[in-house]
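> this is the structure alone, sequence omitted:
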């Protein structure tokens, strides 16, 4: 048996194919992504809120980690949401 | 209208129909490339990964300077997205489950003998152990039946290089598969 004979089993596998309306689904995800983007004003609000929470909580043991988490969510809401959804899916 | 003109018109107008036209022109090739990088054991992810490729392209579209053909640029992005996904999948699950490999042949033909299924599982495991680029070329050629010139276009490499990748992949497989020696 040559490697070519061995690889013949791959030809027997069903070939991958895209489902119909693929481009429409990509457009849908693009629009969803744009809609999800947090407005600048809301981001500024969360940054200010994060800063306020940090000053209040700083003397407590959970103050710094909590302030870091709030600031991360405030600055990168989409990225944090994407990471969280990946973790949940897995 | 060629791809480059379509990109310029899309960037000027942001008309979604123009971007959809670009997606429709390249979706089959990008999907074939992504599916081949992921392989037949992880191809359930291929469509989502292909969508990610086009989202990435949309993000980076303004950076496309036209130094290379648009298709070449798209396939480079696709290969990089797919390789990252494939490596992440392999890190989480370094070996394809043996039962998945064994079931491969029986999906299409329940009358295949146990020995044939075992042989196919060994072949599948050997192909999975090849380096990324050899494995991708093998899947493109043997699984998706892509001709050499098309593989060369997808991987932005000369046909001679693709032939040499295939030759080296077969050589490695000959060492990995005891019966093939």
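Alright, I've got the coordinates. No experiment lies behind these values; they were computed from the predicted model shown.
> going forward, measure contacts and count neighbours with C-alpha atoms only.
Will do.
> need the pLDDT of residue 46.
Since no chain was named, I'll use chain A. pLDDT for residue A:46: 77.
> the intended chain is chain B.
So residue B:46 comes in at 90 (pLDDT).
> name the element it belongs to?
helix B:46-60 (DSSP states H and E).
> likewise residue B:149?
helix B:148-154.
> which elements pack onto that helix?
Packing partners of helix B:148-154 (3 or more C-alpha pairs under 8 Å, 6 or more residues apart in numbering or on different chains; DSSP states H and E): helix B:70-92, helix B:159-176.
> show me the contact partners of it.
Residues outside helix B:148-154 that contact it (C-alpha atoms under 8 Å, 6 or more residues apart in numbering or on different chains): B:29, B:33, B:72, B:75-76, B:137, B:140-141, B:158-159, B:161-163.
> list the buried residues of the helix or strand that residue A:5 is a member of.
Element membership for residue A:5 (DSSP H and E) is helix A:3-11. By neighbour count with 16 or more other C-alpha atoms under 10 Å in any protein chain shown, helix A:3-11 contains the buried residues A:3, A:6-7, A:9-10.
> show me which of the residues you listed neighbour chain B.
Restricting these to those within reach of chain B (C-alpha under 8 Å from any C-alpha of the partner chain) leaves A:3, A:6-7, A:9-10.
> around chain B, pick out the residues from chain A.
Selection of chain A residues close to chain B by C-alpha under 8 Å from any C-alpha yields A:1-4, A:6-13, A:15-18, A:22-24, A:26-27, A:30.
> what do you get if the cut-off is 7 Å, keeping everything else the same?
Contact residues, chain A versus chain B (C-alpha under 7 Å from any C-alpha of the partner chain): A:1-3, A:6-7, A:9-11, A:13, A:15-16, A:18, A:23, A:26-27, A:30.
> need the helix or strand of chain A with the lowest average pLDDT.
In chain A, the helix or strand scored least confidently by mean pLDDT, DSSP states H and E is helix A:77-89, which has a mean of 67.
> now chain B
helix B:98-108 (a mean of 55).
> flag every buried residue along the helix or strand following that helix.
Counting by DSSP H and E, the next helix or strand C-terminal to helix B:98-108 is helix B:114-128. If you call a residue buried by 16+ other C-alpha under 10 Å, then helix B:114-128 has these buried ones: B:117-128.
> now do helix B:114-128, average pLDDT.
Helix B:114-128 comes out with an average pLDDT of 79.
> so what does the next helix or strand after it touch, helix or strand wise?
For helix B:114-128, the following helix or strand on the C-terminal side (DSSP H and E) is helix B:132-138. Other elements packing on helix B:132-138 under the criterion 3 or more C-alpha pairs under 7 Å, 6 or more residues apart in numbering or on different chains; DSSP states H and E are helix B:159-176.
> same thing but at 8 Å, please
Contacts defined by 3+ C-alpha pairs under 8 Å, 6+ apart place helix B:132-138 against helix B:16-38, helix B:114-128, helix B:159-176.
> do I have it right that residue A:75 meets residue A:41?
No - when contacts are counted by C-alpha atoms under 8 Å, residue A:75 is not listed as touching residue A:41 (11.8 Å).
> many thanks, have a good one.
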